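In: what's the 3D shape of this:
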Amino acid sequence: MITYVEASLEKISIHKIGNKSQLEPCNFSDKEVVINDEILKQLLMQYFLNPFEKSNELYQFYHSSDNLKLNEMFHFSESIFEESEDFHALTISIAKHLYDVSNHPKIKSGEVYITHFKQIQIEGELFDAIGIFKSETKETYLKVYPDNSNFQVSYEQEAINIKKLDKGCLIFNNYKNQGYLVSVIDLTNKSSDAVYWTDEFLKLKVRNDNYNQTNTALSIYKNFVTDGMEGELEVSKTDKIDLLNRSMKYFKEKDNFNLDEFASEVIDNTQAIELFKTYKANYEEEYDTEIGDSFAISDAAVKKQARVFKSVLKLDKNFHVYIHGNNELIEKGVEENGRKFYKLYYENEQ
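Out: Numbering: from 1, shown residues only. Next comes the predicted model:
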């Protein structure tokens, strides 16, 4: 969890970045922005940092050669944290790097704010952090103001809504040898052909912590139940819903995940257990990531996954049956005339 109650904005430089593929220009400022207005400073802190308070997934810089020094953003971040070079000169280098990777036609031009914060809290500790933010979406605002005994109205175009950060990242000055700790926001250009922010500009990989382990394990199991069993085992839709419900119950009630315990308590079928372990191993090989056979369960990741673990049985366009528990209380059958039916058993009607 990221909070900024004790944080302060120490430095900020602003540049304008165009789309390189569209031959749009860049405008680099000559010096840092000096902000003496405390209200403005707090508004900027709110604009930059509020979106990160609900962000749980963390990343790290990487390079395909395993030499972190070859990752441009790791190099620039290291230089800023060590204060070995001028902050503003480094922000220009960062802006130029962002421009160089802005090659997709869907990438919008916009202002880039590069900041240095003190005392941002993450995982219960305070760290310095570098912030890089890009504003791409502009809006029009009306302003109403008194004029003697009347009121007047005017407007401002090309303004920024401080409640809508388009893109941003926070780079924390810890775990340097592992590629620092990075949190990312990207609310625009989410399609696979425009993920330049994380893949080309920052070059990040997901940090393999308890949150990611929990999130990925649940995703793998959900995909296994919904798709991975097809053609291998004969499993009804109600049985699949029951398997998903039991898995979510396991993750909500346990503090730690254990693969053998999970397989025994949730899957409870020798053939299905072996299929799941193979499915998990294939995923790890394909995506070059390791999901441990045991790890501490992240409540935040469970809460996130619970939103997509569907327990709904859809029957034509007439009925949606929500199944939250014992699947032995629902029976499937076919009448002599071929009509299909489900029979539900219950004790109390509410």
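
In: Pairing partners for the top strand by length along the chain, with directions?
Out: Counting by DSSP state E, the longest strand found in the chain is strand 110-122. Here strand 110-122 is paired, per DSSP bridges, with strand 2-3 (antiparallel), strand 8-17 (antiparallel), strand 125-135 (antiparallel).

In: Adding distance to E72, mean neighbour count and mean pLDDT as columns, could you present those in TSV?
Out: The C-beta positions use only the backbone N, C-alpha and C, and glycine is treated the same way. Output for the strands paired with strand 110-122, formatted as TSV (distance: least, C-beta to C-beta, whole Å; neighbours: other C-beta atoms under 10 Å; pLDDT from 0 to 100):
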stretch	distance to E72	mean neighbour count	mean pLDDT
strand 2-3	24	17	90
strand 8-17	15	18	96
strand 125-135	12	21	96
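
In: Reformat the ones you listed as CSV; add distance to E349.
Out: Putting the strands paired with strand 110-122 into CSV (distance: least, C-beta to C-beta, whole Å) gives the following:
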stretch, distance to E349
strand 2-3, 46
strand 8-17, 58
strand 125-135, 52
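
In: Let me know which of the ones you listed is the nearest to V308.
Out: Distance to V308, taken as C-beta to C-beta, is lowest for strand 2-3 among those, at 23.3 Å.

In: How far does that closest one sit from its chain's centre?
Out: In terms of C-alpha atoms, centre = their mean, to the nearest Å, the centre of strand 2-3 is set 15 Å apart from its chain centre.

In: what does that strand rub up against?
Out: Counting contacts by C-beta atoms under 8 Å, 6 or more residues apart in numbering, the residues outside strand 2-3 that touch it are 49, 52-53, 55, 120-122, 170, 183.

In: Most neighbours among those, please name it.
Out: L170 (27 neighbours; other C-beta atoms under 10 Å).

In: Check which helices and strands whichever helix or strand that residue is part of sits against.
Out: Element membership of L170, judged by DSSP states H and E, is strand 167-172. With contacts defined as 3 or more C-beta pairs under 8 Å, 6 or more residues apart in numbering; DSSP states H and E, the packing partners of strand 167-172 are strand 110-122, strand 125-135, strand 181-186.

In: quick one on the thing from earlier: so of the contacts of strand 2-3, which two are at opposite extremes in space?
Out: Pairwise distances across the contacts of strand 2-3 peak at 13.2 Å for S55 and Q121 (criterion: C-beta to C-beta).

In: residue contacts, the residue nearest the centre of the chain?
Out: With distances taken as C-alpha atoms, centre = their mean, E57 lies nearest the centre of the chain, 5.3 Å away. Taking C-beta under 8 Å, 6+ apart as the criterion, E57 is in contact with 183-184, 206-207, 211-212, 215.

In: Could you rerun that using 7 Å?
Out: Counting by C-beta atoms under 7 Å, 6 or more residues apart in numbering, E57 touches 206, 211-212.

In: any idea where the strands of the stretch 201-350 of the chain begin and end?
Out: 204-206, 256-258, 294-296, 312-315, 319-322, 330-334, 340-344 (DSSP state E, counting those that start in this stretch).

In: Give me the sheet partners of the third one and which way each runs.
Out: Strand 294-296 has the following strand partners under DSSP bridges: strand 256-258 (antiparallel).

In: Which residues does the strand it pairs with contact?
Out: 217, 294-297.

In: May I see the buried residues of that strand?
Out: Neighbour counts over strand 256-258 (16 or more other C-beta atoms under 10 Å) mark F257 as buried.

In: cool, stretch 233-244 as well?
Out: By neighbour count with 16+ other C-beta under 10 Å, stretch 233-244 contains the buried residues 238, 240-244.
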